[in-house]
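Q: quick one, what's the 3D model for this:
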Amino acid sequence: MRNFVLIILGLVLTLNVVAQDKSTKSDVFVIVDDMPEYPGGQEALRNDIASLVKYPLQAKENGIQGKVYVTFVVNKEGDIEGAKIARGVDPSLDKEALRVMNELNKTWKPGKQDGSPVKVSYTVPIKFALDGDEKKESNMKSGEGADAVFFIVEDMPEFPGGDEALRKYIANALSYPEIAQEKKIQGKVYVSFVVEKNGSVGDAKIARGVDPSLDKEALRVVKNLPTWKPGKQRGEPVRVSYTVPINFALN
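A: Residues are numbered from 1 along each chain as shown. A predicted model of the protein is given here:
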């Protein structure tokens, strides 16, 4: 029986939550203006993790597989600290996933809030899978059946052309409200929405707002986004929650 490890990366816990206030005791943020970045991006992180992972023999012999979620903090210096299992599968797989994250020795580009480096919580899902028996596993989702909305899936939704194309589309579609310009109102609006099974955008709403005029404009732009490549779980299209930050800044 062959085995493989699939690394699925992304803004996992930032899909449906908003930033914690700076006054919290831990000063660990969940969403910030500039999220932490691994050297070389997500592809490099995926490759580095894959090169370190070793499928535990005990788990392989017992046919144990599943997805382990490891949460950690990227500190102000770009180092990983406080790695722990957010959702485990089996002690042997959990231990291996944690070992791999602790052995990553590259320094991240730290996250920033209001231009200053801050500690940011980050989560990476690592899937351990064996060929042959496809074991049904639970997923982070809300609701049941065909209408369930997932927060994490094996294949996350993709905007046509990728993240850079999404940024350009939003920048071109955005119109700075005149009333906000006059009052010198600026800031970052976080809009949550669902990428439906057919790739259309639905259920758009403000996750964290700045001002009614900016919130309204951000919502308008998101509601008019073109069709995405839908997310998939077990090879089937599913509804997936997604969040985008839209920055309004005056020159």
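Q: tell me where the stretch 1-150 of the chain has helices.
A: Ranges of helices in the stretch 1-150 of the chain, per DSSP state H, counting those that start in this stretch, are 41-52, 57-61, 91-103.
Q: nearest to N75, of those?
A: helix 91-103 (14.0 Å; Cβ to Cβ). The C-beta positions use only the backbone N, C-alpha and C, and glycine is treated the same way.
Q: give me the phi and psi for the nearest residue to E158 once chain neighbours are set aside.
A: Nearest residue to E158, sequence neighbours excluded (Cβ to Cβ, 6 or more residues apart in numbering): K229, at 4.2 Å. When read as degrees, to the nearest 10, the backbone of K229 gives phi -80, psi 120.
Q: number of residues surrounding V70?
A: Neighbour count of V70, defined by other Cβ atoms under 10 Å: 24.
Q: what sits against it?
A: By Cβ atoms under 8 Å, 6 or more residues apart in numbering, the residues touching V70 are A83, K84, I85, A86, A97, L98, M101, T123, V124, P125, I126.
Q: could you dump these to JSON lines with neighbour count?
A: Output for these, formatted as JSON lines (neighbours: other Cβ atoms under 10 Å):
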{"residue": "A83", "neighbour count": "19"}
{"residue": "K84", "neighbour count": "13"}
{"residue": "I85", "neighbour count": "17"}
{"residue": "A86", "neighbour count": "17"}
{"residue": "A97", "neighbour count": "26"}
{"residue": "L98", "neighbour count": "18"}
{"residue": "M101", "neighbour count": "21"}
{"residue": "T123", "neighbour count": "18"}
{"residue": "V124", "neighbour count": "25"}
{"residue": "P125", "neighbour count": "21"}
{"residue": "I126", "neighbour count": "26"}
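Q: nearest to D147 among the residues you listed?
A: Nearest to D147 among the contacts of V70: P125, at 23.1 Å, using Cβ to Cβ.
Q: so the closest one versus M101, what's the distance?
A: According to Cβ to Cβ, to the nearest Å, P125 stands 11 Å off from M101.
Q: D33 too?
A: Distance from D33 to M101, by Cβ to Cβ: 25 Å.
Q: cool, and D147?
A: According to Cβ to Cβ, D147 stands 34 Å off from M101.
Q: quick one: the strands in the stretch 1-150 of the chain?
A: Using DSSP state E, counting those that start in this stretch, the strands of the stretch 1-150 of the chain run over 3-7, 28-29, 66-74, 80-87, 111-113, 116-130, 141-142, 149-150.
Q: of all the ones you listed, which lies closest to N251?
A: Closest to N251 of the strands of the stretch 1-150 of the chain, according to Cβ to Cβ: strand 111-113, at 20.3 Å.
Q: before we move on, back to that, list the contacts for the residue nearest to E158?
A: Shown in contact with K229 (Cβ under 8 Å, 6+ apart): P157, E158, F159, P160, G199.
Q: and for the third one, the neighbour number?
A: Using other Cβ under 10 Å as the criterion, F159 is surrounded by 22 other residues.
Q: how about the fourth one?
A: When neighbours are defined as other Cβ under 10 Å, P160 has 13 of them.
Q: for the closest residue to it other than its chain neighbours, give me its contacts.
A: Sequence neighbours aside, P226 is the residue nearest to P160 in space, at 6.3 Å (criterion: Cβ to Cβ, 6+ apart). Taking Cβ under 8 Å, 6+ apart, we find P226 in contact with F159, P160, Y169.
Q: tell me how far the closest residue to V195 other than its chain neighbours lies from S200.
A: Of all residues not flanking V195 in the chain, P157 sits nearest, at 3.9 Å (Cβ to Cβ, 6+ apart). Distance of P157 to S200, given as Cβ to Cβ: 11 Å.
Q: over to D94?
A: For D94, the distance to S200 (Cβ to Cβ) stands at 37 Å.
Q: what about the spatially closest residue to V89 that is not a sequence neighbour, neighbour count?
A: Once flanking residues are discounted, V89 sits nearest to G66: 3.5 Å by Cβ to Cβ, 6+ apart. G66 has 18 neighbours, counted by other Cβ under 10 Å.
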